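Chemist: Pasting a predicted model and its sequence here:
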Amino acid sequence: MDSLSWTVLTLMTDGLRSDIVSRSWISDTPDEVEHPTVPLGINQMAIPRAAILLSLATAALLIGSTVVVGYSVYVFVKENEDAFSVTDQDLLKDENNRWYWEVDLLFDTCDSRLGDWDWPEVLSEQDDVFLYPGELRCDWEHQGDGDRASVAVYNRGDQTLDIVLEITGGEVVFASEDDTVLTVNEIGVNETAIVEIQLNNAVTEHDIQIQASHLNVREAEVLLDVHIFEGSNPRDLHASDGDNLEVHYKVWDADTDQLLDEGDLIVTAGDDSNFIQGFGWSAIGLDIDGDRGLIPGIDTGTTHVTLLPPPIAYGNSDGHELQESWLRFELKVDRATI
């Protein structure tokens, strides 16, 4: 190609390039105006900062709301605490400020716990809703490690009770749980729950206390003190809940000392539906040697005496001649079946 032709071609190419740049591909708006460059500061920092500020504001609002609600709840509870407490406790007390349940050991060895009351002259003629004038202290003569006794909880109020029993002082547990704490649920109105306690050491002399507290109002508490001492003739076997025993019994009216009945019976210690509630539980803790009374001419069984108030005697037998009577039972174990 000669020099003239190359010059013409160069001029044509430069003109076309100038035309393309000036028209920006058919756009009337310059490219930097139609597609502006996004500033680096907005793209990387402004949006995260806004999100952080919004999150902080939301968190502060939530914390403030929580504080306000919490304080309102605190004020409400504080203002009504006394009212709720009084209502609960009033339902559990009589007009003399006494809790509506009583606790005793079935042995006929009980007296005033603090020496602040005297036995009624006639037990069956008490007009009060309670069986005893106050809390009890009872003696328990044991016949060796593993001996047993029955503790009764009487509901004298007009509502069902859930009671927590706890033994303090050591050496004794609730036999069913092998523990010092036992919850007894739903003791019905004018009903009685009886539980078995077990001695875990052949102590010479020892004191324990049994607390009977309301499940939901723990300051509502009735106390039973038990003084334990060693008997003169320890035995190998001790009657417990479910054991079958052949016993000789005598029963008196506790007020008149009139002998009402005497005989021999086979009884299941503890819960025995064949007899009044207190009779089976009176057999708990009878003791006998390993011969079980099966060797002719040898008598190794022990005797003890229990006192049964009407709720665990004939109190629930409408029209029975002994419905209001307190009964004193003397039980002697002759044989313990295998």
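Modeler: Cool, the structure landed.
Chemist: C-alpha only now, for contacts and for neighbours.
Modeler: Will do.
Chemist: what about Thr109, distance to Phe279?
Modeler: Separation of Thr109 from Phe279 (Cα to Cα, to the nearest Å): 17 Å.
Chemist: higher neighbour count, these two?
Modeler: Phe279 (25 against 16; other Cα atoms under 10 Å).
Chemist: can you confirm the more buried one is in a helix?
Modeler: Yes. With DSSP: H, G, I helix; E, B strand; the rest coil as the criterion, Phe279 is located in a helix.
Chemist: ok, it - contacts?
Modeler: Applying Cα atoms under 8 Å, 6 or more residues apart in numbering, we find Phe279 in contact with Ala313.
Chemist: How about Tyr249?
Modeler: By Cα under 8 Å, 6+ apart, the contact list for Tyr249 reads Glu262, Gly263, Asp264, Leu265, Phe329, Glu330, Leu331, Lys332.
Chemist: got it, and Ala313?
Modeler: Shown in contact with Ala313 (Cα under 8 Å, 6+ apart): Ile276, Gln277, Gly278, Phe279, Gln323, Ser325, Trp326, Leu327.
Chemist: contacting residues for His214?
Modeler: Leu161, Asp162, Ile163, Val164, Ala220, Glu221.
Chemist: In JSON lines, list the contacts of Tyr249 along with pLDDT.
Modeler: Shown next, in JSON lines, are the contacts of Tyr249 (pLDDT from 0 to 100):
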{"residue": "Glu262", "pLDDT": "98"}
{"residue": "Gly263", "pLDDT": "97"}
{"residue": "Asp264", "pLDDT": "97"}
{"residue": "Leu265", "pLDDT": "96"}
{"residue": "Phe329", "pLDDT": "98"}
{"residue": "Glu330", "pLDDT": "98"}
{"residue": "Leu331", "pLDDT": "98"}
{"residue": "Lys332", "pLDDT": "98"}
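Chemist: can you pick the most crowded of these?
Modeler: Most surrounded of the contacts of Tyr249: other Cα under 10 Å gives Phe329, at 26 neighbours.
Chemist: Remind me which helix or strand the residue lying closest to it once chain neighbours are set aside belongs to.
Modeler: Taking Cα to Cα, 6 or more residues apart in numbering, and ignoring the residues beside it in sequence, Phe329 has Val251 as its nearest neighbour in space, at 4.5 Å. In this structure, Val251 is located in strand 244-253 according to DSSP states H and E.
Chemist: Please name the bridge partners of the residue most central in space within the chain.
Modeler: With distances taken as Cα atoms, centre = their mean, Thr183 lies nearest the centre of the chain, 4.4 Å away. Bridge pairing for Thr183 (DSSP bridges) gives the partners Val164.
Chemist: Noted, bye for now.
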